[in-house]
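Colleague: Generate coordinates for the sequence data below:
(4 chains)
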There are 2 protein chains.
Amino acid sequence: MARKQGSHAEITGPKLREAALRLFAQSGYAAVTMRQIAGEVGVQVGALYNYIPDKQTLLYELMKSHLEEVLDALDVELRTGGAEERLRRFVHHHIHVHLPRRDAIRLAYDELRSLEPQNFAAIEKLRHAYENHLQGILEQGVAEGLFRVADLRVTTMALIGLLTGLFGWYRENGRLTPVEVEALYYDLVRKAIAAP
Amino acid sequence: MARKQGSHAEITGPKLREAALRLFAQSGYAAVTMRQIAGEVGVQVGALYNYIPDKQTLLYELMKSHLEEVLDALDVELRTGGAEERLRRFVHHHIHVHLPRRDAIRLAYDELRSLEPQNFAAIEKLRHAYENHLQGILEQGVAEGLFRVADLRVTTMALIGLLTGLFGWYRENGRLTPVEVEALYYDLVRKAIAAP
DNA sequence: TTCATAACTGAACAAGCGTTCAAGCGGAAG
DNA sequence: CTTCCGCTTGAACGCTTGTTCAGTTATGAA
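Modeller: Predicted structure coming up:
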């Protein structure tokens, strides 16, 4: 029977994932050692292997659970509405979900190359699902005559790049609040694809 | 007296830099071993150290020489012209210089974290110089009444993100030629900041 | 209080790391 | 042809890597 109290498992498990996420995002998967992670958790290396089968699976699970979480929330958010309203919600969701999770999105974009082929394929699929949400909104907007998009795929990828670049330079304690930055980014996106 | 023919130095040197650039961009600095690089060059590990003092300096020199090259070319390109013309040349230059050098720009953006503090500071400076070129164009455009920019710094960073995201997904043998993709990206940039 | 066992320690493992260097090869200079 | 030396080899160095595991600790259940 599983112990419910007094067990460290329910502390060490999350601490391990937090530390790994932070360190992987900061220094890159290959540059982080299991001993570094153990040090942050406050435990010896060997103890980590009560929670994960190996380092590669740890990376994969971190990326997968983040992307699934974000996609689930997005599905709900975009269920209804016109193209303009859905675009606004997409930008809002993208920025507000990721800003407090900068480490997670940097993993999802930078560390694809550190995944073994099978894991890579699974994560790539989730990333495509995310891109396709935006692409669907653009299609809808074109159909509604609200947007003008010269090339659907290129515009989708360009806007994803625009929105994701934010996490490379934004600083929590900088000049602008998340709300201000969201308004500025939405304005750029909206104007870039507005029908004349 | 330096040998001019029959010496391998003038073959091995460039081959080393090419291989290192490719492998670093592909797998990340930390994940690439000196033995892997030597293997690609067709030489034993020890031989590499006739050309570089150590691995870290190799990374630094690759990033530095790429950025300096790009900046020098940009200085010439943007010397004259109105804001609209200079913006067009900036986008043209950015895309056409980097597309055949995808590895180099990925290094410059992804591997900043692999640099030791002193090297990091030097590279960061060059990156800022690049961003400031675009920012100068935007300022000029606003002064000329051609562009409308709500926040100069945010717009600069957003557009850099937009333009740089391209190198994450564009494929040489894909559906679109560099010229087509440049036109599409320029259109997005132009509309995003156009004065009404 | 006793017992079972989840959680952790501490040491060990083979493999691989960046870097060094004595020794040898082979083409250019004399 | 002989000498010289830039370039390369092949082995070695001390250290770190991810992972394993027998043994210890400490907790909740009985």
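
Colleague: Can you give me the domain boundaries for chain A?
Modeller: Listed by automatic domain parsing, the domain ranges of chain A are A:1-52, A:55-193.

Colleague: Just say which of the ones you listed is most tucked in.
Modeller: Among those, domain A:55-193 has the highest mean neighbour count (mean count of other CB atoms under 10 Å in any protein chain shown), at a mean of 17. Heads up, the C-betas are built off the backbone N, CA and C, glycines and all.

Colleague: Could you tell me how far that domain lies from the centre of the chain?
Modeller: 7 Å (CA atoms, centre = their mean, to the nearest Å).

Colleague: most centrally placed residue in chain A?
Modeller: In chain A, the residue lying closest to the centroid (CA atoms, centre = their mean) is residue A:105, at 3.4 Å.

Colleague: Correct me if wrong: that one contacts residue A:164.
Modeller: Yes. At 7.1 Å, residue A:105 counts as touching residue A:164 under the criterion of CB atoms under 8 Å.

Colleague: nearest spatial neighbour of residue A:165, skipping sequence neighbours?
Modeller: Nearest residue to residue A:165, sequence neighbours excluded (CB to CB, 6 or more residues apart in numbering or on different chains): residue B:161, at 1.9 Å.

Colleague: Is that neighbour located within a helix, as I assumed?
Modeller: Yes. Counting by DSSP: H, G, I helix; E, B strand; the rest coil, residue B:161 falls inside a helix.

Colleague: tell me the contacts of it?
Modeller: Residues near residue B:161 by CB atoms under 8 Å, 6 or more residues apart in numbering or on different chains: A:161, A:162, A:164, A:165, A:166, A:168, A:169.

Colleague: could those residues go into TSV alongside secondary structure and pLDDT?
Modeller: Formatted as TSV, the contacts of residue B:161 follow (DSSP: H, G, I helix; E, B strand; the rest coil; pLDDT from 0 to 100):
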residue	secondary structure	pLDDT
A:161	helix	97
A:162	helix	98
A:164	helix	96
A:165	helix	96
A:166	helix	97
A:168	helix	93
A:169	helix	95
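
Colleague: pLDDT below threshold where in chain A?
Modeller: Counting by pLDDT under 70, the ranges of chain A that qualify are A:1-9.

Colleague: Spell out which parts of it neighbour chain B.
Modeller: A:26-31, A:109-110, A:113-114, A:150-151, A:153-155, A:157-162, A:164-166, A:168-169, A:175-176, A:181, A:184-185, A:187-189, A:191-194 (CB under 8 Å from any CB of the partner chain).

Colleague: mind listing what the nearest residue to residue A:195 once chain neighbours are set aside touches?
Modeller: Leaving aside its chain neighbours, residue A:195 sits nearest to residue A:148 (4.4 Å; criterion: CB to CB, 6+ apart). By CB under 8 Å, 6+ apart, the contact set of residue A:148 is A:142, A:193, A:194, A:195, A:196.

Colleague: Please flag which of these sit within helices.
Modeller: A:142, A:193 (DSSP state H).

Colleague: With respect to residue A:37, which of the contacts of residue A:148 is nearest?
Modeller: Nearest to residue A:37 among those is residue A:193, at 42.7 Å by CB to CB.

Colleague: got the contact list for the nearest residue to the closest one once chain neighbours are set aside?
Modeller: Among residues not flanking residue A:193 along the chain, residue A:147 sits closest, at 4.5 Å (CB to CB, 6+ apart). The contact partners of residue A:147, by CB under 8 Å, 6+ apart, come to A:83, A:138, A:141, A:193, A:194, A:195.

Colleague: how about stretch A:79-98 as CSV, C-alpha atoms only?
Modeller: Coordinates of each C-alpha in stretch A:79-98 appear next as CSV, following Å, rounded to 0.1, in the frame of the first residue of the first chain:
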residue,chain,number,x,y,z
ARG,A,79,-13.6,26.3,-29.5
THR,A,80,-15.9,29.2,-30.5
GLY,A,81,-15.8,32.6,-32.1
GLY,A,82,-15.0,34.5,-35.2
ALA,A,83,-11.6,34.7,-36.7
GLU,A,84,-10.7,38.0,-35.2
GLU,A,85,-11.8,37.0,-31.7
ARG,A,86,-10.0,33.6,-32.0
LEU,A,87,-6.8,35.3,-33.2
ARG,A,88,-6.9,37.6,-30.2
ARG,A,89,-7.4,34.7,-27.9
PHE,A,90,-4.6,32.7,-29.5
VAL,A,91,-2.1,35.6,-29.0
HIS,A,92,-3.4,36.1,-25.5
HIS,A,93,-3.0,32.4,-24.6
HIS,A,94,0.4,32.1,-26.3
ILE,A,95,1.9,35.0,-24.4
HIS,A,96,0.2,34.5,-21.0
VAL,A,97,0.7,30.7,-20.8
HIS,A,98,4.3,30.8,-21.9
